[in-house]
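1. Turn this into a structure:
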Amino acid sequence: MDDSPGCTAVLGHEVPVSRIKNKAANYDIKVKTKKVDGEDVVVFPEEKRELKRLLEFLCERLHEGDLTGTKYLINSHKTLPG
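-> Predicted structure coming up:
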């Protein structure tokens, strides 16, 4: 993994914290950050419901349907060929 500034590892990929915050907003998830050694890091909420929702997002268990825009909680990570 690369040590790009402002990135964090999500499912084995380096993802900029700004992208995490922007994408999470699509699911009404507020991602709080703080500076650690000059870099933004995600702060995990203490409230159980908020923490669970953030973890579902980070584990890519939330999905928005392409046609209807309906948001789903999914339980399968089967990748499609192609």
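2. ok, and for the host helix or strand of Asp40, which residues are buried?
-> Applying DSSP states H and E as the criterion places Asp40 in strand 39-43. For strand 39-43, burial by neighbour count (16 or more other Cβ atoms under 10 Å) applies to Asp40, Val42. (C-beta placed from N, C-alpha, C; glycine too.)
3. Give me the mean pLDDT for stretch 12-26.
-> Mean pLDDT, computed over stretch 12-26, is 91.
4. what's the following helix or strand after the strand holding Asp40?
-> Downstream of strand 39-43, the next assigned helix or strand under DSSP H and E is helix 48-58.
5. Now do that following helix: distance to the chain's middle.
-> 9 Å (Cα atoms, centre = their mean, to the nearest Å).
6. Output the contacting helices and strands for that helix.
-> Applying 3 or more Cβ pairs under 8 Å, 6 or more residues apart in numbering; DSSP states H and E, one finds that helix 48-58 contacts helix 17-25.
7. So for the next helix or strand after the helix it packs on, what gets flagged as buried?
-> Sequence-wise, the next helix or strand downstream of helix 17-25 (DSSP H and E) is strand 32-36. Neighbour-count burial for strand 32-36, counted by 16+ other Cβ under 10 Å, picks out Thr33.
8. any idea of the mean pLDDT for strand 32-36?
-> Here the average pLDDT along strand 32-36 is 94.
9. what lines up beside it in the sheet?
-> strand 39-43 (antiparallel) (DSSP bridges).
10. What mean pLDDT does the strand holding Asp40 get?
-> Mean pLDDT, computed over strand 39-43, is 91.
11. Could I get the CA-only coordinates of it as PDB?
-> Once non-C-alpha atoms are left out, strand 39-43 reads as follows in PDB (Å, rounded to 0.1, in the frame of the first residue of the first chain):
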ATOM      1  CA  GLU A  39      -2.600  14.000   8.200                       C
ATOM      2  CA  ASP A  40      -6.400  13.700   8.300                       C
ATOM      3  CA  VAL A  41      -7.700  10.400   9.800                       C
ATOM      4  CA  VAL A  42     -11.200   9.100  10.300                       C
ATOM      5  CA  VAL A  43     -12.600   9.400  13.800                       C
END
